[in-house]
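Participant: Here is a sequence with its predicted model. Questions after.
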Amino acid sequence: MSARILDGKATAATIKAELTQRVAKLKEQGHTTGLGTILVGEDPGSKWYVGGKHKDCAQVGIESIRVDLPEDTTQDELLAQVRQLNENPDCTGYIVQLPLPKHIDQDVILEAMDPAKDADGLHPMNLGRLVANVNRPMTSPLPCTPLGCVELLERHGIELAGKHVLVVGRGVTIGRPVGLLLTRREINATVTLAHTGTTNLPELLARADVIIAAAGVPHIIKPQDVKAGAIVLDVGVSRVDGKVTGDVDPAVAEVASWISPNPGGVGPMTRAMLLNNVVEAAERNAANAVKTSN
Ligand SMILES: Nc1nc(=O)c2c([nH]1)NC[C@@H]1CN(c3ccc(C(=O)N[C@@H](CCC(=O)O)C(=O)O)cc3)C=[N+]21
């Protein structure tokens, strides 16, 4: 048996086509949609990601504002840039590319962002809203990678209600928030969160209906670890000999029913969901403008 492919690249292209329409509609109504990025330092991987986000914006008609700062930027200088984007009316949403240099406190920067412009969904206010809201529709930005995982499964017709999902990895961008999203009432999955302190990972892996591998350890998930017919999302990104390498051994495709490739799976979906967050923020602004003018 060979698993079917959760094609993130193709799905992201479909989503981008839909977003293009929504951006055009906003434009007709006189609203511009703009994404800002702040990059600190010279890391080639981070530069490549940021460059990709600007290309994505150009494709869907979103304006983009790029702020690149030197590695030795102080925390106060970065805060000043954050405040500028908070005030800039052409910037509908923005991200501060992570990780930041060690001399800058990431939490201080994230907390200084306007939560309404937080395109990554990582501001503590927005993470808190995700914790607090179980039933009601979410009206605040959600973290892009968890959203990308959910959207990738939904658009392949995969139902998550009642399924046992094992998340491997407890990072703030995916591991911790994805469980909050999957246990919302409208999705109704059951979630286990495993991490480096977990003592029975083999047992948990063997039982899982869905595995979300987000540990950032190359090929830690092996075919013998996985239940026959499991659905496997490969989220981890490492570089081995310069090549993008996921957390999932490609041989897992012989055992799983569905698998997301890496590259070509969750990565492109993360980028599409960033655009989605910016467009949703612009749509909320447009709706609020109508309310206040009435
Ligand atoms: N504030 C912030 N927001 C982020 O969303 C954020 C971040 N910081 N820091 C770094 C991580 C990583 N990340 C990826 C996005 C897209 C791909 C992606 O599209 N990858 C392609 C190509 C991979 C390649 O060839 O290098 C793929 O999977 O097919 C991967 C990784 C976003 N991140």
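Facilitator: That came through fine. Please read these numbers as outputs of a predicted model, since none were measured by experiment.

Participant: Which residues are in contact with the residue of the stretch 151-294 of the chain found nearest the ligand?
Facilitator: Going by CB to the nearest ligand atom, the ligand is nearest to residue 267 of the stretch 151-294 of the chain, at 2.2 Å. C-beta here means a position set from N, CA and C on the backbone, and glycine is covered the same way. By CB atoms under 8 Å, 6 or more residues apart in numbering, the contact list for residue 267 reads 8, 237, 244.

Participant: what does residue 52 give?
Facilitator: residue 271 are the contacts of residue 52 under CB under 8 Å, 6+ apart.

Participant: That one - that's part of a helix, no?
Facilitator: Yes - counting by DSSP: H, G, I helix; E, B strand; the rest coil, residue 52 is found in a helix.

Participant: shaky segments in this structure?
Facilitator: Low-confidence segments of the chain (pLDDT under 70): 1, 294.

Participant: Spell out which parts of it neighbour the ligand.
Facilitator: The chain has residues 49, 95-98, 120, 144, 237, 244, 262-264, 267-268, 270-271 near the ligand, with proximity defined as CB under 6 Å from any ligand atom.

Participant: hang on, the earlier thing: drop anything exposed from the contacts of residue 267.
Facilitator: Using 16 or more other CB atoms under 10 Å as the burial test, the contacts of residue 267 include 8, 237 as buried.

Participant: Could you dump the contacts of residue 267 into JSON lines and include secondary structure?
Facilitator: Putting these into JSON lines (three-state DSSP) gives the following:
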{"residue": "8", "secondary structure": "helix"}
{"residue": "237", "secondary structure": "coil"}
{"residue": "244", "secondary structure": "strand"}
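
Participant: Closest one of the contacts of residue 267 to residue 106?
Facilitator: residue 237 (18.3 Å; CB to CB).

Participant: Residues touching stretch 125-135, excluding its own?
Facilitator: By CB under 8 Å, 6+ apart, stretch 125-135 touches 115, 118, 121, 138, 140-143, 172, 177, 180-181, 183-185.

Participant: what sits against the nearest residue to residue 104 once chain neighbours are set aside?
Facilitator: Distances taken as CB to CB, 6 or more residues apart in numbering put residue 75 closest to residue 104, at 4.9 Å, once the chain neighbours are dropped. Residues counted as contacts of residue 75 (CB under 8 Å, 6+ apart) are 103-105, 108-109.
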